[in-house]
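Novice: requesting a structural model of the entry that follows:
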Amino acid sequence: MASTFTSTFAPNDVTVVISQGGFSHVVSGFSEDSIVSIERNSDTFSLYTGADDTNTRIYQADTSAMITLPLQQTSNSNDILSQLYENDRASRDSTGLFNITVKDNSGRSTFFAEEAFIAVVPNSSFGNTMQLREWQIQAVRLQTFNGGNAKFSPEDQAAFEEIGGTVESQWQA
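Specialist: The predicted structure follows:
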């Protein structure tokens, strides 16, 4: 039987942390409707089908992803990201790379890349309403775990553990 426990998601418990050397910053000032989006740059497997309907699954080792952070124009995180971009652009070497962690603290989803960089500086506009700055961060070798936000039923826990997962005590029924 599937889990019947009520899930809880708290958008304000999603954190994005950028760090580089001794520097660390918790990103804040997200848009009203979107906090962060993470999109893989390539599929893990692609299917090749021959003319005779023979099939081969092709593994792509690429685990990079584009992380988009839509920030309010008034967010101080814009200043941090702008300075990181300027430092990286000025050095044009690997010293501008930073770590990025995205975590749903009300659930089990986590994303981490030891190397990331600002790929696209946002367009800017000013108006009579709040405007957004959509920062695009390229995450190299992103470690991804998409988890849920409810306790596991005993059946779901057994199935998850059978395939090699471990359920922390706070998520057990």
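Novice: just the element for Asp88, please.
Specialist: Element membership of Asp88 [criterion: DSSP states H and E] is helix 77-91.
Novice: contact partners for the closest residue to Ser64 other than its chain neighbours?
Specialist: Of all residues not flanking Ser64 in the chain, Asn41 sits nearest, at 4.7 Å (CB to CB, 6 or more residues apart in numbering). C-betas here are computed from N, CA, C, even on glycine. Neighbouring residues of Asn41 by CB atoms under 8 Å, 6 or more residues apart in numbering: 62, 64-66.
Novice: mind checking which of these are buried?
Specialist: 65-66 (16 or more other CB atoms under 10 Å).
Novice: next step: the contacts of Asn41 restricted to strands.
Specialist: 65-66 (DSSP state E).
Novice: how about the contacts of Asn41 in CSV, adding pLDDT and distance to Gln131?
Specialist: Converted to CSV, these look like this (pLDDT from 0 to 100; distance: CB to CB, whole Å):
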residue, pLDDT, distance to Gln131
Asp62, 97, 33
Ser64, 98, 29
Ala65, 98, 26
Met66, 98, 21
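Novice: which residues sit against the next helix or strand after the helix holding Asp88?
Specialist: Downstream of helix 77-91, the next assigned helix or strand under DSSP H and E is strand 98-104. Residues from elsewhere that reach strand 98-104 (CB under 8 Å, 6+ apart): 9, 13-20, 36, 38, 67, 84, 109-117, 137, 139, 147, 149.
Novice: report the distance from strand 98-104 to the chain centre.
Specialist: Here the centre of strand 98-104 is set off from its chain's centre by 7 Å, with CA atoms, centre = their mean, to the nearest Å.
Novice: now stretch 166-173
Specialist: 23 Å.
Novice: stretch 67-83 now?
Specialist: With CA atoms, centre = their mean, you get 16 Å for stretch 67-83.
Novice: and if you look at stretch 7-25?
Specialist: That offset, for stretch 7-25, works out to 10 Å (CA atoms, centre = their mean).
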